[in-house]
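[1] structure of the sequence below:
(2 chains)
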Amino acid sequence: MKFASFNVNGINARLPRLLEWLDEAKPDVVGLQEIKAEDDKFPRMAIEAAGYHALLRGQKGFNGVAILSRRPLDLVADQLAGDADDRQARWIEAMADDVHFVCLYLPNGNPAPGGKFDYKLAWMDRMAARAAELLASERPVILAGDFNICPTDFDAARPDLLAGDALTRPESRGRFRALAASGWTDAIRAAHPHHPCYSYWDYQGGAWAKNWGMRIDHLLLSPAAADRMHDCGIDRAVRGAERASDHVPVWLRLD
DNA sequence: ATGGTCGGGAACCGA
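    Numbering: from 1, shown residues only, chains lettered A, B, ... in the order given. Just a heads-up that it's a prediction; the model follows:
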């Protein structure tokens, strides 16, 4: 089975690109982030016509996550536990056959320091608690999404321009590193240790033309999932299309 | 060089 994650930056603006990519890449399951739409604006007809079921936790104007799947999904959760007052649509979990698939959109956290950065760190602590529960299940689990974390300087073309950024600050990187060390495999980095594998290029400043990218979209695998991975990659060419998202899909195959 | 790019949704906010 092929699993993927794609921050589309607006499901309706990106619908032609998304449908093209689904047709070419043929993922079985894909997590989408920043759909920026609620259920009534979600292009369900077009998604279903392409052969996909959809579960979503939408939000008007901002955030919003969805899981598409060729086979029916069983919703597990559509919010991250730990703060009943948090209404931001950033988390959805479903069972895709025997795989527990989580689609997440981790807060950006800029400007840092500040309230948005505090929210990011608290959100990461809540994520760590849920991730520990999922590990304890001993099931194959995939944490897929836009983590808004650039794990090391190797994961950015211009780390010097990111000093003090919420995506690279020690508090952010430390939490990501601790999460991985608790038992999760960073699939892209494990499969491609010597290639940067950028997944995001800013719209501003000609970042794509200069290849000033960052690796911030990740697939973290529980041990039972990591044992089954046999291929993993990034669909870099998607960034070069007309009206592209600023992110590209990341994907893996499990036996 | 006092801008620069998108999406959402109708003036700015978020990234």
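[2] okay, the residue of the stretch 101-250 of chain A found nearest DNA strand B: pLDDT?
    Residue of the stretch 101-250 of chain A nearest DNA strand B, by C-beta to the nearest atom of the strand: residue A:203 (3.6 Å). Glycine gets a C-beta too; all of them are placed from N, C-alpha and C. We have a pLDDT of 98 for residue A:203.
[3] now do the helices in the stretch 101-250 of chain A.
    A:115-136, A:170-181, A:187-191, A:207-210, A:223-226 (DSSP state H, counting those that start in this stretch).
[4] residue A:42 is nearest to which of these?
    helix A:115-136 (23.8 Å; C-beta to C-beta).
[5] okay, buried residues for that closest one please.
    A:117, A:119-121, A:123-124, A:126-127, A:130-131, A:134-135 (16 or more other C-beta atoms under 10 Å).
[6] tell me the mean pLDDT over it?
    98.
[7] what's the angle from that helix to helix A:170-181?
    Here helix A:115-136 points in a direction 10 degrees away from that of helix A:170-181 (axes from the mean of the first three to the mean of the last three C-alpha atoms, to 10 degrees).
[8] CA atoms only: put helix A:115-136 into CSV for me.
    What follows is helix A:115-136, C-alpha atoms only, in CSV (Å, rounded to 0.1, in the frame of the first residue of the first chain):
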residue,chain,number,x,y,z
GLY,A,115,2.0,33.3,22.0
LYS,A,116,2.0,31.4,18.7
PHE,A,117,5.3,29.7,19.6
ASP,A,118,4.0,28.8,23.0
TYR,A,119,1.0,27.2,21.3
LYS,A,120,3.3,25.2,19.0
LEU,A,121,5.3,23.8,21.9
ALA,A,122,2.2,22.9,23.9
TRP,A,123,0.7,21.3,20.8
MET,A,124,3.9,19.3,20.4
ASP,A,125,3.8,18.1,24.0
ARG,A,126,0.2,17.0,23.4
MET,A,127,1.3,15.2,20.2
ALA,A,128,4.0,13.4,22.1
ALA,A,129,1.5,12.1,24.6
ARG,A,130,-0.8,10.8,21.8
ALA,A,131,2.2,9.3,20.0
ALA,A,132,3.2,7.4,23.1
GLU,A,133,-0.3,5.8,23.3
LEU,A,134,-0.1,4.9,19.6
LEU,A,135,3.4,3.3,20.0
ALA,A,136,2.0,1.3,23.0
